[in-house]
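A.B. asks: Return a 3D structure for these sequence lines:
(chains A, B, C and D)
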2 protein chains.
Amino acid sequence: MKHKGKTNPPGRIKIMKSFSLLMSQKDFHSITTSEIAKNAKVTEGLIYKYFKDKKDLLYQVLNKHFVTFQTKIESRIAKENSCIKQLEIIIFSSLESYADNRIFSRILLLEVRNSLGFFDSGAYEMIQKYSRTILEIIKKGIMKKELRSDIDPLILRKVILGAIEHACLGEIIFSRQLDIDKVSTGITNIIFNGAKA
Amino acid sequence: MKHKGKTNPPGRIKIMKSFSLLMSQKDFHSITTSEIAKNAKVTEGLIYKYFKDKKDLLYQVLNKHFVTFQTKIESRIAKENSCIKQLEIIIFSSLESYADNRIFSRILLLEVRNSLGFFDSGAYEMIQKYSRTILEIIKKGIMKKELRSDIDPLILRKVILGAIEHACLGEIIFSRQLDIDKVSTGITNIIFNGAKA
DNA sequence: CAAAACAGTAAGTAACACTTACTCAAAAAA
DNA sequence: TTTTTTGAGTAAGTGTTACTTACTGTTTTG
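C.D. replies: Here you go, the predicted structure:
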């Protein structure tokens, strides 16, 4: 008998919590199903009642984190109407979110991208939404002549997203601290004003 | 009896070739040791004579690719003496290399970063070297007043590396084609001239 | 020419992700 | 009220996996 997802029983919640905790201590692959079950005080078989497999459990935990992030960002953007300011907010908020929530960041930047299954998950849909938001702001910025008309919106998005992700990568991998303000203004300075003298 | 790395016997070569081939077909985790051995026509145990574990095999294959990449880039840079041009060459060459060698790119961008062991490997030393080269060019560029003096060299490097990596990521994951010239000039245009109108 | 070192094999083993077949209790239907 | 269905949870597996151990022959070398 499989679970249809209509209820949210205690066992399911315990499994997700147990897994979240373990993810803060070690990487995905070194977490075992028996460990998850033992920690959650349920049997191993129950995991497979609520989750298709171990990866599905990962995606669902990630999705939960992502929903809160997305709503936070959207409410912040709404308060500004300059496109450049909105992009600055996105850069700052993303860096802040990565720095504040390292487990979630590690999952997103290092653990899920290598399996194609992720790109069919609900968590990936959230990323696409976030990514689309950025693209729309860029396009509006070009229309409003805040941004140069000869830049390719898709490439600008790549530069922004790449800069954000790479800025956090080292700090996440080696558990270093990140100076959000400095990095955030540094990135926006380069991207909007250019590095050339 | 363990292997000291002083010779390069046929079995070792066959294992690396078999693994490389499999990496072009599926992701690291779904490749099994028995599959590698069967494909290489050796026994499974032999893998562990030449490689510490499955991941060590991955790192060594990656390292081999990386050495050729690094020497290629360095010879190209030597021909230019404007710092901005040198950075443009690095951006272009990196994109080209990622596009031309997708197996290697997938390993680097998606498969190795999530295990700390990688950062002790020889392959990682090569990345550091490449990364240091970029930083030195930036610093020289600031000194020669080609680049603005108020930009942080470390952050500019992050933006450059992030842009390069993110530009390839989607195309590698979904096996799409990459227009190197367009993306390369697009990135340099934004980073050096700025996106602001 | 003996001894060490090397290339390679055969046969394991513990641990792992995942499955099957089952109980028990509560809610729905009769 | 009794019967049936459904959901939460368990117990005991299974095949496969990465990795190990103990062993052959074959070169190389002191």
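A.B. asks: If we ignore the residues flanking it in sequence, what's nearest the residue sitting nearest the centre point of chain A?
C.D. replies: Centroid check for chain A by Cα atoms, centre = their mean gives A:L108 as the closest residue, at 5.4 Å. Spatial nearest neighbour of A:L108, excluding adjacent residues (Cβ to Cβ, 6 or more residues apart in numbering or on different chains): A:L62 at 6.6 Å. Heads up, the C-betas are built off the backbone N, CA and C, glycines and all.
A.B. asks: is the longest helix seen in chain A anywhere near DNA strand D?
C.D. replies: Longest helix in chain A by number of residues (criterion: DSSP state H): helix A:54-78. No. Helix A:54-78 is not in contact with DNA strand D by Cβ under 7 Å from any atom of the strand; minimum separation 12.6 Å.
A.B. asks: ok, then the element right after that helix?
C.D. replies: As assigned by DSSP states H and E, the chain's next helix or strand after helix A:54-78 is helix A:83-100.
A.B. asks: does chain B sit close to that following helix?
C.D. replies: Yes. Helix A:83-100 is in contact with chain B by Cβ under 8 Å from any Cβ of the partner chain, via A:I84.
A.B. asks: and that helix, what does it pack onto?
C.D. replies: The elements that helix A:83-100 packs onto, with contact taken as 3 or more Cβ pairs under 8 Å, 6 or more residues apart in numbering or on different chains; DSSP states H and E, are helix A:54-78, helix A:102-106, helix A:122-143, helix A:153-173, helix A:180-188.
A.B. asks: out of these, deepest packed?
C.D. replies: Highest mean neighbour count of the helices and strands packed on helix A:83-100: helix A:153-173, a mean of 22 (counted as mean count of other Cβ atoms under 10 Å in any protein chain shown).
A.B. asks: tilt between it and helix B:153-173?
C.D. replies: 110 degrees (axes from the mean of the first three to the mean of the last three Cα atoms, to 10 degrees).
A.B. asks: tilt between helix A:153-173 and helix A:180-188?
C.D. replies: Helix A:153-173 runs at 150 degrees relative to helix A:180-188, counting by the same axes, to 10 degrees.
A.B. asks: which bits of chain A sit near DNA strand C?
C.D. replies: So far as Cβ under 7 Å from any atom of the strand goes, chain A lies against DNA strand C at A:1, A:31-34, A:44-45, A:48, A:53-55.
A.B. asks: Skipping adjacent residues, who's closest to A:I142 in space?
C.D. replies: Closest to A:I142 by Cβ to Cβ, 6+ apart is A:S149, at 5.6 Å.
A.B. asks: what about that neighbour, is that helix, strand or coil?
C.D. replies: Classification of A:S149 by DSSP: H, G, I helix; E, B strand; the rest coil places it in coil.
A.B. asks: can I get the helices and strands packed on helix A:83-100 in JSON lines with distance to A:K14 and mean pLDDT?
C.D. replies: Output for those, formatted as JSON lines (distance: least, Cβ to Cβ, whole Å; pLDDT from 0 to 100):
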{"stretch": "helix A:54-78", "distance to A:K14": "12", "mean pLDDT": "89"}
{"stretch": "helix A:102-106", "distance to A:K14": "18", "mean pLDDT": "89"}
{"stretch": "helix A:122-143", "distance to A:K14": "21", "mean pLDDT": "95"}
{"stretch": "helix A:153-173", "distance to A:K14": "27", "mean pLDDT": "96"}
{"stretch": "helix A:180-188", "distance to A:K14": "34", "mean pLDDT": "97"}
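A.B. asks: so what are the domain limits for chain A?
C.D. replies: A:1-51, A:53-193 (automatic domain parsing).
A.B. asks: Please tabulate these in JSON lines and include distance to B:I160 as additional columns.
C.D. replies: As requested, these are exported to JSON lines (distance: least, Cβ to Cβ, whole Å):
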{"stretch": "domain A:1-51", "distance to B:I160": "28"}
{"stretch": "domain A:53-193", "distance to B:I160": "9"}
